[in-house]
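Enquirer: Could you work out the structure for the sequence below:
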Amino acid sequence: MPASRSDLSRDQIAERLVELLGADQVDTDDTALREASVDRFKKYTAVHGIFDGPFPAAIAYPRSTGEAAAVLRFADEHLVAVVPRTGRTATEGGLETVVADSIVLDGSRMDAVLDVNETDMMVTVQCGVPLQELEDRLRERGLTTGHSPQSKPLAQYGGLTATRSIGQFSTLYGGIEDMVVGLEAVLADGTVTRIKNVPRRAAGPDIRHLVIGNEGALFFITEVTVKVFRFQPENYRFFGFLVDDFAAGVEALRELITQGYRPSVCRLYSPEDARQHFADFFDGRNVVVLVAEGPERIADATAAGIEDLFTAPTFTRVPDDRIRAWFDDLNWGQDKIDAEKQQMLHTRHLGYTTEVSVDWSHVDDLYRAVMDRVRTSFDRAGDLTMLGAHSSHSYQTGTNLYFVYDYDIHCDPRDEIELYHKPLNAIIVEEALRLGGSMVHHHGIGKYRTDWTAEEHGSAYELLVRLKAALDPNGIMNPGTILPLDAVQVEADRDGALQNERA
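Expert: Here you go, the predicted structure:
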C-alpha cells in the first residue's frame with residue numbers, strides 16, 4: 001500500500017486537525033482508527049480483529065461546511081489523503097484507507113434538517129442526517145422520501161448521495177439520482193460549490209451528476225435537497241406469485257413495466273434466494289413480489305394491471321399477508337449487524353452479495369451464466385451453502401440482478417477475501433460486462449471493482465480520468481476508489497510532464 005506523500009508526520013497531522021476543529025472533533029483512539037480503516041467488504045476479517053492497515057492518522061468530525069472546507073484545504077496543501085464518509089454502511093471497500101496516515105473526514109455530526117418545504121415538496125438536510133430519522137419526521141406530516149435502502153436505519157444522506165444509492169421502492173420513486181434536486185459539496189482544495197434547487201434546467205450538462213455517485217473521490221458532500229412525496233400507506237396493495245421458470249418471471253416483470261405500470265416494489269427471487277425470505281411457502285419455486293401504492297385510484301389501477309398479467313396458469317398466487325410480513329421486515333439495523341457478527345464468529349459462515357444490471361434481453365442469460373460458471377469453475381464451489389439471485393429494481397430497458405452467495409469458510413480468516421469473496425465477485429462482474437451490462441448497479445465501485453472500471457466505461461473512461469485530474473489534481477480524495485491507484489498516478493505523471501514541456 002502507498003506511503004503518505006505528506007510533509008507532515010502522523011502526529012503533526014492530528015495536531016493540526018485539533019488546531020482546526022478542536023480536540024472534541026478529532027479522534028485518534030487506536031481502536032477507532034483500526035475500525036475506520038475498513039468497511040463492510042472486510043466484515044469477516046474485522047470481526048476477527050484482523051486489521052492489516054494502513055491506518056488513518058485521525059478521524060475528523062466537522063460540524064459545518066466551513067470546517068469541512070478547512071480540513072480539505074489543509075489536506076490538499078500538505079498532500080494528506082482523505083477518505084470522506086457519512087453513515088459507514090459501505091460494502092465495496094470505498095471507505096478503506098489505502099494510503100498511510102490518511103484523514104477520515106466524517107460528516108455524521110452535521111445532522112441538521114434545514115428546511116421542510118411542503119409547498120415545493122422538498123426537504124434540505126445536512127450530510128449527517130440519518131435517513132430513518134428524516135423519514136420518521138416526514139411521515140408525521142404525511143410525507144415520505146420514497147427512499148428505502150436496506151441500510152435505511154443506519155444510512156445518512158451524504159453517503160447515500162455519494163454512492164448513488166437506491167431503495168426498495170425504486171421502480172416507483174427512482175434512485176437517489178432521481179430524488180436529489182440540489183446540493184452543496186466541497187472540492188479537494190476546500191472550494192465550496194452549491195448546485196441550486198430547480199425543477200429542471202437545460203443550462204448545460206447536469207452538474208449534479210458530477211457529485212452524485214462520486215464516492216468521495218471528487219467531493220465531500222455537505223448538504224442535500226431531495227424531493228418528498230405524499231405518504232399513503234392505506235393504499236398499499238400486496239402481491240406474491242410462484243413461478244417455475246426464472247425466465248418466465250423475468251418476462252412477466254418486463255411486460256408489467258413496459259406496459260407502463262410502476263409498482264413501488266417489483267421483485268423476482270430465484271428458488272435459492274427465495275428460501276431465505278419465503279421458506280414457509282416458496283415450495284422450491286421462483287417468487288415474484290409486487291407492491292402497488294400511491295393515490296387510491298393509481299394503486300387500484302396498478303393492482304388491476306398486476307392481477308390481469310399474472311392470471312396465467314404459469315403463476316400461483318401467494319396470500320397477501322405473507323408478502324406484507326416480508327415487507328415489514330426489509331431493513332437492516334444495528335441489531336441485525338450485531339447478530340451477523342456473532343454468527344460469523346461462531347459458525348465460520350458468511351454471506352455476501354454482488355449487484356449488476358443488464359438489458360431485458362440478457363437477464364436470463366446472465367443469471368444462468370453466473371450460476372453455471374460459479375458451480376463449475378469456482379474451485380471452492382463445494383463450500384457454497386447458497387447461490388441465488390433476485391431482480392429488485394426494474395426499468396423500461398432492463399433490470400438489475402442481485403447475486404447472493406453464502407459459504408462455509410475453510411481457511412484462515414485473513415485469507416477469506418482472496419479465496420472466496422473476490423473470486424465470486426469477479427465472476428459476476430465479468431459475466432455482466434460480457435453480456436453488455438454494468439458491473440455495478442447501486443453499491444458503487446469502491447476499491448474492489450476498479451480493475452474493471454476501464455472496461456465498464458470504454459472510450460468514456462478518459463472522461464473519468466480527466467475529471468479526477470481536474471477536480472483533484474493532487475490526488476488526495478479517497479485514493480483507489482473508482483479509479484485504480486496506478487491510473488491516478490499515471491495521469492498525474494502525464495500532467496507533470498506536459499507542464500515541464502510547456503515550461
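Enquirer: tell me the phi and psi of T193?
Expert: Torsion angles at T193 (phi, psi; degrees, to the nearest 10) stand at phi -130, psi 140.
Enquirer: what's the neighbour count on it?
Expert: Number of residues near T193 (other C-beta atoms under 10 Å) recorded here: 15. For every residue, glycine as well, the C-beta is placed using N, CA and C.
Enquirer: Also F219?
Expert: F219, neighbours per other C-beta under 10 Å, totals 28.
Enquirer: mind listing what it touches?
Expert: P84, A162, A185, V186, L187, T193, L210, V211, L471, M477 (C-beta atoms under 8 Å, 6 or more residues apart in numbering).
Enquirer: ok, now H441?
Expert: Shown in contact with H441 (C-beta under 8 Å, 6+ apart): I166, E355, V356, S357, H393, N400, Y402.
Enquirer: Just send the residues you listed back as a markdown table, with pLDDT and distance to L105 too.
Expert: Supplementary listing: the contacts of H441 in a markdown table, determined by pLDDT from 0 to 100; distance: C-beta to C-beta, whole Å:
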| residue | pLDDT | distance to L105 |
| --- | --- | --- |
| I166 | 96 | 24 |
| E355 | 97 | 27 |
| V356 | 98 | 30 |
| S357 | 98 | 30 |
| H393 | 97 | 30 |
| N400 | 98 | 30 |
| Y402 | 97 | 30 |
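Enquirer: List just the nearest of those to H421.
Expert: Using C-beta to C-beta, E355 is the member of those that lies nearest H421, at 14.2 Å.
Enquirer: rewinding a little: give me the buried subset of the contacts of H441.
Expert: The neighbour-count test (16 or more other C-beta atoms under 10 Å) marks I166, E355, V356, S357, H393, N400, Y402 as buried among the contacts of H441.
Enquirer: Quick check: the fifth one vs N400, distance?
Expert: Distance from H393 to N400, counting by C-beta to C-beta, to the nearest Å: 5 Å.
Enquirer: who touches both of these two?
Expert: What both H393 and N400 touch, as defined by C-beta under 8 Å, 6+ apart, is the set S357, H441, H442.
Enquirer: and those as a markdown table, adding distance to I257 and secondary structure?
Expert: What follows is those, written out as a markdown table (distance: C-beta to C-beta, whole Å; DSSP: H, G, I helix; E, B strand; the rest coil):
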| residue | distance to I257 | secondary structure |
| --- | --- | --- |
| S357 | 14 | strand |
| H441 | 16 | coil |
| H442 | 18 | coil |
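Enquirer: buried set for stretch 66-80?
Expert: E67, A68, A69, A70, V71, L72, R73, F74, A75, D76, H78, V80.
Enquirer: What of stretch 232-242?
Expert: By neighbour count with 16+ other C-beta under 10 Å, stretch 232-242 contains the buried residues N235, Y236, R237, F238, F239, G240, F241, L242.
Enquirer: did I read that right, L401 in a helix?
Expert: No: assigned with DSSP: H, G, I helix; E, B strand; the rest coil, L401 falls outside any helix and is strand.
Enquirer: Now do the same for the residue nearest to it when sequence neighbours are not counted: helix, strand or coil?
Expert: Nearest non-adjacent residue to L401, counting by C-beta to C-beta, 6 or more residues apart in numbering: A389, 5.0 Å away. Under three-state DSSP, A389 falls in the strand class.
Enquirer: Quickly list what A389 is bridged to.
Expert: Legend: beta-bridge partners of A389 under DSSP bridges are F403.
Enquirer: before we move on, which element is the most centrally placed residue in the chain in?
Expert: Geometric centre of the chain, nearest residue: H443, 2.9 Å, by C-alpha atoms, centre = their mean. Remark: H443 resides in no helix or strand, with elements defined by DSSP states H and E.
Enquirer: coming back round to it: max pairwise distance over the contacts of H441: which two?
Expert: Between any two of these (C-beta to C-beta), the greatest distance is 13.1 Å, for I166 and V356.
Enquirer: quick one on the thing from earlier: highest neighbour count among the contacts of F219?
Expert: A162 (32 neighbours).
Enquirer: Please state the backbone phi and psi of that one?
Expert: phi -70, psi -30.
Enquirer: Wait, it touches N214, no?
Expert: Yes: using C-beta atoms under 8 Å, A162 is in contact with N214, at 6.0 Å.
Enquirer: The stretch 301-450 of the chain: helices as residue ranges?
Expert: In the stretch 301-450 of the chain, the helices defined using DSSP state H, counting those that start in this stretch lie at 320-327, 334-347, 363-377, 416, 422-434.
Enquirer: Could you list the buried residues of the third one?
Expert: Taking 16+ other C-beta under 10 Å as the basis for neighbour counts, the residues of helix 363-377 that come out buried are V363, D364, D365, L366, Y367, A369, V370, M371, V374.
Enquirer: The last one now?
Expert: The neighbour-count check on helix 422-434 (16+ other C-beta under 10 Å) flags L424, N425, A426, I427, I428, V429, E430, E431, A432, L433 as buried.
Enquirer: which parts of the helix or strand containing E255 are buried?
Expert: E255 belongs to helix 246-258 when assigned by DSSP H and E. Using 16+ other C-beta under 10 Å as the test for burial, helix 246-258 gives F246, A248, G249, V250, E251, A252, L253, R254, L256, I257.
Enquirer: go on, stretch 443-453?
Expert: Those would be H443, G444, I445, G446, K447, Y448, R449, T450, W452, T453, for stretch 443-453 by 16+ other C-beta under 10 Å.
Enquirer: Now tabulate the residues you listed in JSON lines and tack on pLDDT and distance to L384.
Expert: Putting the buried residues of stretch 443-453 into JSON lines (pLDDT from 0 to 100; distance: C-beta to C-beta, whole Å) gives the following:
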{"residue": "H443", "pLDDT": "93", "distance to L384": "21"}
{"residue": "G444", "pLDDT": "95", "distance to L384": "25"}
{"residue": "I445", "pLDDT": "97", "distance to L384": "25"}
{"residue": "G446", "pLDDT": "96", "distance to L384": "23"}
{"residue": "K447", "pLDDT": "96", "distance to L384": "25"}
{"residue": "Y448", "pLDDT": "95", "distance to L384": "20"}
{"residue": "R449", "pLDDT": "96", "distance to L384": "21"}
{"residue": "T450", "pLDDT": "97", "distance to L384": "26"}
{"residue": "W452", "pLDDT": "98", "distance to L384": "23"}
{"residue": "T453", "pLDDT": "98", "distance to L384": "28"}
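Enquirer: and of these, the nearest to A312?
Expert: For the buried residues of stretch 443-453, the nearest to A312 is H443 (34.4 Å; C-beta to C-beta).
Enquirer: how close does the closest one sit to L290?
Expert: For H443 relative to L290 (C-beta to C-beta), the value is 24 Å.
Enquirer: Could you check how far the closest residue to C411 other than its chain neighbours is from L387?
Expert: Using C-beta to C-beta, 6+ apart and skipping the chain neighbours, the partner closest in space to C411 is L419 (5.3 Å). L419 sits at a distance of 16 Å from L387 (criterion: C-beta to C-beta).
Enquirer: higher neighbour count, the two?
Expert: Higher neighbour count among L419 and L387: L387, with 20 against 17, using other C-beta under 10 Å.
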